[in-house]
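[1] Provide a 3D model corresponding to the input given below.
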Amino acid sequence: MELTPHQKLCWYFINDRCDNIGVWTPNPKLIAFNLDIEGNPQQFLDDFLQAINEADELIHVMPSGEWLITDFVKFQYCQKKPLHPNNPAHKSYLQLIKEQNLLSWFSVNYPETLPESYLNEEKKTSIRPLKEPFETYKDKDIDRDTDRDIDTDKAQELEPFKQFAP
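    Predicted coordinates for the structure are as follows:
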C-alpha cells in the first residue's frame, strides 16, 4: 500500500515478465519504456527495490544481479504440497532452480516447496518405479505368438469335424 502508482505497475510488470520460478533480469531501459518513467530508470529500480523490501524481503537480489520474487514458486505451484520430481511441469521448475543455483536458497528459506529428496540432497527416485517399456512390449509379443500357435493347433485338430458343421 505504500508503493507509488509507478512502483505498483513495476511490481506487476516484474511478475508478468519473470521466468517460471520468479527470476527476472533487471532492465532499467525496458522498465522506463514500458512504465513511462521519467528521470533515471536505474534510480527508480533502486528505490522500488528498497520500497518493496521494506517490511519483508519480497525480492531477493541474487549474486548474478537477477531478482527472485521470493514467494513466486510457493504461490504459483505448491500452496498445499511441495514440487514433485515426477510431475513433468515440476521437473522443469526444479531444473530451473538447479540451473539458477537456488537449491540451497530454497532449502533454507522455503523448504516446504522442495521435495524431501532435494532437501536431503539425495538422488531422485521414483515413488512408483516404472517397468522397462521394452520388457512390457516383448511380453505382449510373446503372448501373441503363443496364441497364434494354439489357434493353429486347434484348427488342425478340428479339421476332420468340419464336414459335420453347418
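[2] going forward, measure contacts between C-alpha atoms and count neighbours the same way
    Noted.
[3] now the chain, which segments are flagged as low pLDDT?
    In the prediction, the chain carries residues with pLDDT under 70 at positions 121-154, 166.
[4] Spell out the residue ranges of the strands in it.
    Using DSSP state E, the strands of the chain run over 23-24, 59-61, 67-69.
[5] which residues touch the shortest one?
    Residues outside strand 23-24 that contact it (CA atoms under 8 Å, 6 or more residues apart in numbering): Ile14, Arg17, Cys18, Glu66, Trp67, Leu68, Ile69.
[6] And for stretch 1-16?
    Applying CA under 8 Å, 6+ apart, the set of residues contacting stretch 1-16 is Gly22, Trp24, Ile31, Leu35, Ile37, Phe48, Ala51, Ile52, Ile69.
[7] Give the buried residues for that stretch.
    By 16 or more other CA atoms under 10 Å, the buried positions in stretch 1-16 come out as Gln7, Cys10, Trp11, Ile14, Asn15.
[8] Please put the alpha-carbon coordinates of that stretch into PDB.
    Taking C-alpha atoms only, stretch 1-16 is exported to PDB below (Å, rounded to 0.1, in the frame of the first residue of the first chain):
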ATOM      1  CA  MET A   1       0.000   0.000   0.000                       C
ATOM      2  CA  GLU A   2       3.000   2.300   0.500                       C
ATOM      3  CA  LEU A   3       4.100   2.000  -3.200                       C
ATOM      4  CA  THR A   4       3.700   4.700  -5.700                       C
ATOM      5  CA  PRO A   5       1.500   4.000  -8.700                       C
ATOM      6  CA  HIS A   6       4.600   3.500 -10.900                       C
ATOM      7  CA  GLN A   7       6.100   1.200  -8.300                       C
ATOM      8  CA  LYS A   8       2.800  -0.900  -8.300                       C
ATOM      9  CA  LEU A   9       3.000  -1.100 -12.100                       C
ATOM     10  CA  CYS A  10       6.600  -2.200 -11.800                       C
ATOM     11  CA  TRP A  11       5.600  -5.000  -9.400                       C
ATOM     12  CA  TYR A  12       3.000  -6.300 -11.900                       C
ATOM     13  CA  PHE A  13       5.500  -5.900 -14.800                       C
ATOM     14  CA  ILE A  14       8.100  -8.000 -13.000                       C
ATOM     15  CA  ASN A  15       5.600 -10.700 -12.100                       C
ATOM     16  CA  ASP A  16       4.500 -10.900 -15.700                       C
END
